[in-house]
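Novice: got a structure for you, letters missing:
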């Protein structure tokens, strides 16, 4: 299967429970940022996400309350660099005890000392290693030499040790489509479990000219879509159609909510400047979801990030028999 059966069924059960309860909006993924500390300063990252002090990280009790309040079955631990979080082992143990599936987004530089041999492999733990191109491109994006080689080494070692390991590629202006296909081929060569490909979001605090216009996104993703059937790309067919400009989708900002050292971030993981909420109820009830779904805000015009639209793609697919069959075939393909 594209993902382990337990992961897929957890999402399906959650969706069924929410819809049976009459909810049209509900979170499926919690983007959890327990810290804003990072060991890289990538050129496509917002400044706040790599300049935080370790002393300002969230305590475990705060993290677990956010997880419980949100109720999403999947917790995506990001940051910052989550392997720098001193309580990472206890955090993952607590999430597994709560029956959550965990995606650990990492640059891989500390996997050998902070995860391997410290946190055992689990069917509920997925390592998501960022590779935003081949060696020259990835090291350029990370603003440091040697990051690509270290990440590849850690992917290989992770698979040898029995972890689920995925690649995560953000497509920037400098990214050549040939490199993206080469990374897809590396998934097979490294015996990794898949690759997630998404266009970069244009953070306001980033001054480097690295982001794609809507037309450039469409051009690159039409090429990516053309070879996607040959590889283990972990984006649904309808999302790839959307990224290629072949269909429109509303945003589902509420499907992937974001909890940070500053609180619940409105309206989503990506948009800056809309404020933070101290508690879940205020965040959920006082965010204008209808406005953000519409994508009329100028900051939404060039956004086609996976986190905002994959839920919409799945929902659209399930409205027709053809789409449901297509989604099932995609899910079952190895």
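Specialist: All right, it came through fine. Keep in mind that what you see is a predicted model, and the values were worked out from it rather than measured.
Novice: Identify the bridge partners of the closest residue to residue 262 other than its chain neighbours.
Specialist: Leaving aside its sequence neighbours, residue 262 sits nearest to residue 276 (CB to CB, 6 or more residues apart in numbering; 4.4 Å). For the C-beta atoms, the positions are set from N, CA and C on the backbone; glycine is no exception. Note on residue 276: beta-bridge partners residue 265, judged by DSSP bridges.
Novice: pretty sure residue 276 contacts residue 259?
Specialist: No: look at residue 276 against residue 259 with CB atoms under 8 Å: they stay out of range, at 9.5 Å.
Novice: just the helices in the chain please.
Specialist: For the chain, the helices defined by DSSP state H cover 5-20, 60-70, 88-97, 111-114, 135-142, 147-161, 177-189, 214-227, 237-243, 280-286, 289-294, 306-317, 321-332.
Novice: out of the ones you listed, nearest to residue 198?
Specialist: For these, proximity to residue 198 was assessed by CB to CB; helix 306-317 is nearest, at 3.9 Å.
Novice: ok, back up a step: who wins for proximity to residue 171 among the helices of the chain?
Specialist: Nearest of the helices of the chain (CB to CB): helix 214-227, 5.8 Å.
Novice: picking that back up, right, so of the helices of the chain, which gets closest to residue 255?
Specialist: That would be helix 306-317 among the helices of the chain, by CB to CB, at 3.6 Å.
Novice: quick revisit: okay, the helices of the chain in JSON lines with mean pLDDT and distance to residue 268 next?
Specialist: Formatted as JSON lines, those follow (pLDDT from 0 to 100; distance: least, CB to CB, whole Å):
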{"stretch": "helix 5-20", "mean pLDDT": "93", "distance to residue 268": "19"}
{"stretch": "helix 60-70", "mean pLDDT": "97", "distance to residue 268": "14"}
{"stretch": "helix 88-97", "mean pLDDT": "98", "distance to residue 268": "22"}
{"stretch": "helix 111-114", "mean pLDDT": "97", "distance to residue 268": "28"}
{"stretch": "helix 135-142", "mean pLDDT": "89", "distance to residue 268": "22"}
{"stretch": "helix 147-161", "mean pLDDT": "97", "distance to residue 268": "27"}
{"stretch": "helix 177-189", "mean pLDDT": "95", "distance to residue 268": "25"}
{"stretch": "helix 214-227", "mean pLDDT": "92", "distance to residue 268": "18"}
{"stretch": "helix 237-243", "mean pLDDT": "93", "distance to residue 268": "16"}
{"stretch": "helix 280-286", "mean pLDDT": "96", "distance to residue 268": "11"}
{"stretch": "helix 289-294", "mean pLDDT": "95", "distance to residue 268": "7"}
{"stretch": "helix 306-317", "mean pLDDT": "91", "distance to residue 268": "6"}
{"stretch": "helix 321-332", "mean pLDDT": "85", "distance to residue 268": "24"}
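Novice: Can you lay out those helices as a markdown table showing distance to residue 127 and mean neighbour count?
Specialist: As requested, the helices of the chain are arranged in a markdown table below (distance: least, CB to CB, whole Å; neighbours: other CB atoms under 10 Å):
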| stretch | distance to residue 127 | mean neighbour count |
| --- | --- | --- |
| helix 5-20 | 14 | 14 |
| helix 60-70 | 19 | 16 |
| helix 88-97 | 11 | 17 |
| helix 111-114 | 7 | 18 |
| helix 135-142 | 17 | 20 |
| helix 147-161 | 6 | 18 |
| helix 177-189 | 13 | 17 |
| helix 214-227 | 23 | 17 |
| helix 237-243 | 22 | 23 |
| helix 280-286 | 28 | 15 |
| helix 289-294 | 30 | 15 |
| helix 306-317 | 17 | 23 |
| helix 321-332 | 21 | 13 |
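Novice: now these as CSV including distance to residue 197?
Specialist: CSV is the format used below for those (distance: least, CB to CB, whole Å):
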stretch, distance to residue 197
helix 5-20, 19
helix 60-70, 26
helix 88-97, 26
helix 111-114, 21
helix 135-142, 14
helix 147-161, 16
helix 177-189, 6
helix 214-227, 6
helix 237-243, 8
helix 280-286, 29
helix 289-294, 24
helix 306-317, 8
helix 321-332, 14
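Novice: Pull the contacting residues for residue 227.
Specialist: By CB atoms under 8 Å, 6 or more residues apart in numbering, residue 227 lies in contact with 181, 184.
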